[in-house]
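Engineer: Sequence first, then the predicted structure, then my questions.
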Amino acid sequence: MPDKESRDLKVADTSSKAALKYLFVAVYKDGSHFQQNPEDVSAKEPNRSAFFDVDQENLQAFFLVGPTSASKKNQHTYLVDLTDGHFEIDGVPFGMDPRARDGSRVYKLAFFRKHRANVEVNVRSGKMGRQWEDPIVYCLGWNATDQLGQVAQRIMEID
């Protein structure tokens with residue numbers, strides 16, 4: 001479980017870079033954490049995403065920190081805990097795996113973003129018309145395999 005300090009990390013204002021509404025924070029088993037930079041650039045390999053720098057073998061939890069809502073003073077957080085597979089939204093825990101308590105699963109992070117671009121094409125002329133992008137959907141969850149080799153996946157989608 002991430003400590004209070006990890007959960008209270010404030011993510012830099014990325015309003016000038018609308019592409020990333022949420023930034024991630026990886027919490028490791030030793031209590032340390034790694035925070036995605038607003039530019040989403042790897043410190044190890046500058047032409048890769050910051051996600052490249054996440055040590056997935058030592059993850060305890062992974063969460064997204066997002067914009068502050070008008071009705072709340074804090075930023076929204078969405079967490080997946082890889083020790084027991086539970087999720088949290090703004091600190092409220094919930095489970096999506098009835099087998100989590102028996103300890104038979106090993107949880108691995110599942111995290112990706114869905115981007116969708118739309119283009120109108122004039123069928124007669126073949127010319128492209130209006131283009132737009134839908135908001136990015138963040139997908140956060142886990143893949144798990146039990147001792148019998150059965151695979152399960154739970155993904156939470158965040159707009």
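Structural biologist: All right, it came through fine. Residues are numbered from 1 along each chain as shown.
Engineer: So which residues of this protein form strands?
Structural biologist: In the chain, strands defined by DSSP state E lie at 23-28, 33-35, 59-68, 75-81, 87-89, 92-94, 105-114, 117-121, 128-133, 137-146, 151-158, listed in chain order.
Engineer: Can you flag the weakest of those strands by average pLDDT?
Structural biologist: Lowest mean pLDDT within the strands of the chain: strand 128-133, a mean of 73.
Engineer: Against which helices or strands is that one packed?
Structural biologist: Under the contact criterion of 3 or more Cβ pairs under 8 Å, 6 or more residues apart in numbering; DSSP states H and E, strand 128-133 touches strand 117-121. To be clear about C-beta, it is placed using only N, CA and C from the backbone, and glycine gets the same treatment.
Engineer: give me every residue that touches the spatially most central residue of the chain.
Structural biologist: By Cα atoms, centre = their mean, the mean C-alpha position of the chain lies nearest to residue 140, the distance being 4.4 Å. For residue 140, the contacting residues are 62-64, 78, 80, 110-111, 155-156, 158, by Cβ atoms under 8 Å, 6 or more residues apart in numbering.
Engineer: quick one: which of these is nearest to residue 52?
Structural biologist: residue 111 (12.3 Å; Cβ to Cβ).
Engineer: Would you mind measuring from the closest residue to that closest one other than its chain neighbours to residue 131?
Structural biologist: Using Cβ to Cβ, 6 or more residues apart in numbering and skipping residues adjacent in sequence, the residue nearest residue 111 is residue 140, 5.5 Å away. According to Cβ to Cβ, to the nearest Å, residue 140 and residue 131 sit 28 Å apart.
Engineer: likewise residue 76?
Structural biologist: Distance from residue 76 to residue 131, by Cβ to Cβ: 29 Å.
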